[in-house]
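J.: Okay, sequence plus prediction incoming.
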Amino acid sequence: MNHDRHGHRGAEEDENDAHSPRDDGAAPMKDAPVVLPTPPARVAPHAYRTALLEMVEPVVAEISAAVPAYRGRVGGRRHQLMSMATSAAIRAYLDTSPQQVSARRKVDELFHRMGWGEAQDGHGPENLDLALQVATRAVWRRLADYAVLRGYSAEGLRDETDALVAYIAHLRAELLAGHRMWQRDPYYDGDQARTRLWELLSPGTTGRISPLQPLGVESATLIELAQQAQWPVPERVVAIAVSFHGPPPPPPQSEAVLSSLELDRLLVLCPAEAEDELISELAGSATDRRVVVSWPVAPEESGTALLWTLRALDLVQLGAIPPTSVVRCSEHTTQLWLHAEPSMRRHLCQDLLEPLLAESPNSREILSATLLTWLETRDSAPAIAARLDVHPQTVRYRWRRINELFGEALHDPEFVVQMTLVLKSSLPLWKGGDQSDFKLFRDAKEPEL
């Protein structure tokens, strides 16, 4: 196996590595689905721990002797790879620390990559299978000898052997899954896999959701691409969008985080439990940055959460959402919803609010604020006046003018509901300086001559 597929190496190394399990610079890979799930974590008895840690070199020696394709000088690259893989597997099996899951995942990735490399070198899975069979027998014999020597019970030996055999079967599944993956995608690249995964989840592919279709992307496709990209799919995902004016923030360096650096925004998908730490890191990295955070969603709906964060950044710029350094979408759900279809809002604005659009700018502002307050509260003139910080008589005057503009339509429940939503979404834009509604109204009333 060649570390550099196109480089030149000495004849001795070529001969030693020609049929070895692959450990080159290619990014790790995943296949879907892996044949067996990761065995449940267990604690190996300390007595067997010593025996297992001493098995690395004897097991590698037996594999080298029994599998001709994997023979080579002791200390050679292939021998080092098999020793490293065997040692990592045993240590991950024995690990009882909080990092146990991470350690086992790395071993899974290593065995997956070895299977992929074996297929890339043009070999079938037979050598992999034989090597695992030899390893299983070697481990069993040494465990049995050790148990007899120390006078351990047959039940304890049986339980230990069952657990080890289950773990070895899991590693075999990873080897074979990697082997199958090369056959399906021989030009696989880890970075390309993460790019494909991002494209699947990005707003461009999930932004238009039919109410007749399930939300988000297809789970099976997500799982397959996530495994290929080595993205451990979290139970809940949070989307983060960061705007900046100076140098861009560095993308988070974690296999658990997906990110894409755009022209003036950094987009991130991270596990919900990592949200607070990542937000603190991104918000504190520079003063010119604004961080928008979605609420947690299922991984299949990651793209929709990204859309919320992008929309929130736009609404901050338009003045519809306050410009705080950290914007949480959960605090602005109504505005995000009302601005989901800008063209629909614009159409309803022109259709329902035509009398207001025809008013002078000052009259339009005060009448709109008064009307929206009444629509939201249905309070009396004194109560509305208190909210608006004006005299009750001023509210009564405005209310007469509002009735002149809309008349009996104010008694139509459907009209009132629609007007409430349109005003609630449009008034913040007007206050933020957006003049597009008024320009559209003027253009419609004053066609080109």
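T.: Yep, it's here.

J.: Tell me which helix or strand comes right after the worst-scoring helix or strand of the chain on mean pLDDT.
T.: For the chain, using mean pLDDT, DSSP states H and E, the weakest element among its helices and strands is helix 11-17, scoring a mean of 37. Moving toward the C-terminus from helix 11-17, the next helix or strand (DSSP states H and E) is helix 46-53.

J.: Quick one: neighbours of residue 178, just the number.
T.: Neighbourhood size, residue 178 [other CB atoms under 10 Å]: 32. To be clear about C-beta, it is placed using only N, CA and C from the backbone, and glycine gets the same treatment.

J.: other SSEs contacting the strand or helix carrying it?
T.: Per DSSP H and E: residue 178 is located in helix 154-184. Helix 154-184 makes packing contacts with helix 77-94, helix 100-120, helix 126-150 when contacts are defined by 3 or more CB pairs under 8 Å, 6 or more residues apart in numbering; DSSP states H and E.

J.: Measure how it sits relative to helix 126-150, angle-wise.
T.: Taking axes from the mean of the first three to the mean of the last three CA atoms, to 10 degrees, one finds helix 154-184 and helix 126-150 inclined to each other by 170 degrees.

J.: okay, the helices and strands packed on helix 154-184, which one's buried deepest?
T.: helix 100-120 (a mean of 21; mean count of other CB atoms under 10 Å).

J.: Which stretches in the stretch 201-350 of the chain count as helices?
T.: Listed in chain order, the helices of the stretch 201-350 of the chain (DSSP state H, counting those that start in this stretch) span 203-206, 219-228, 275-283, 302-318, 333-338, 342-352.

J.: Just put the ones you listed in CSV and tack on mean pLDDT and distance to residue 245.
T.: Below are the helices of the stretch 201-350 of the chain laid out as CSV (pLDDT from 0 to 100; distance: least, CB to CB, whole Å):
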stretch, mean pLDDT, distance to residue 245
helix 203-206, 54, 22
helix 219-228, 82, 33
helix 275-283, 90, 15
helix 302-318, 92, 12
helix 333-338, 91, 24
helix 342-352, 91, 25
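
J.: looking at these, which is closest to residue 415?
T.: Comparison of the helices of the stretch 201-350 of the chain against residue 415 by CB to CB identifies helix 342-352 as nearest, at 7.2 Å.

J.: Quick check: what element follows that closest one along the chain?
T.: Moving toward the C-terminus from helix 342-352, the first helix or strand encountered (DSSP H and E) is helix 354-357.

J.: what's that following helix in contact with?
T.: When contacts are defined by CB atoms under 8 Å, 6 or more residues apart in numbering, helix 354-357 is touched by residues 349, 350, 364, 367, 368, 371, 405, 406, 437, 438, 441.

J.: where in the protein is pLDDT low?
T.: Scanning the chain for pLDDT under 70 picks out the ranges 1-47, 75, 98-99, 182-191, 203-214, 447-449.

J.: Show me the domain layout of it.
T.: If you go by automatic domain parsing, the domain ranges for the chain are 11-186, 197-338, 342-445.

J.: distance between the ends of the second one?
T.: Going back to what we said before, that points to domain 197-338. Start-to-end span of domain 197-338 (CA to CA, to the nearest Å) is 29 Å.

J.: Same question for the last one.
T.: The straight-line separation of the ends of domain 342-445 (CA to CA) is 21 Å.

J.: so the helix holding residue 178 versus helix 219-228, what angle?
T.: Here helix 154-184 runs at an angle of 100 degrees relative to helix 219-228 (the same axes, to 10 degrees).

J.: tell me which residues in helix 154-184 are buried?
T.: Within helix 154-184, the residues scored as buried using 16 or more other CB atoms under 10 Å are 157, 160-161, 163-164, 167-168, 170-182.

J.: quick one: contacts for residue 438?
T.: Contacts of residue 438 by CB under 8 Å, 6+ apart are residue 357.

J.: Kindly recompute the last result at 6 Å.
T.: Counting by CB atoms under 6 Å, 6 or more residues apart in numbering, residue 438 makes contact with nothing.
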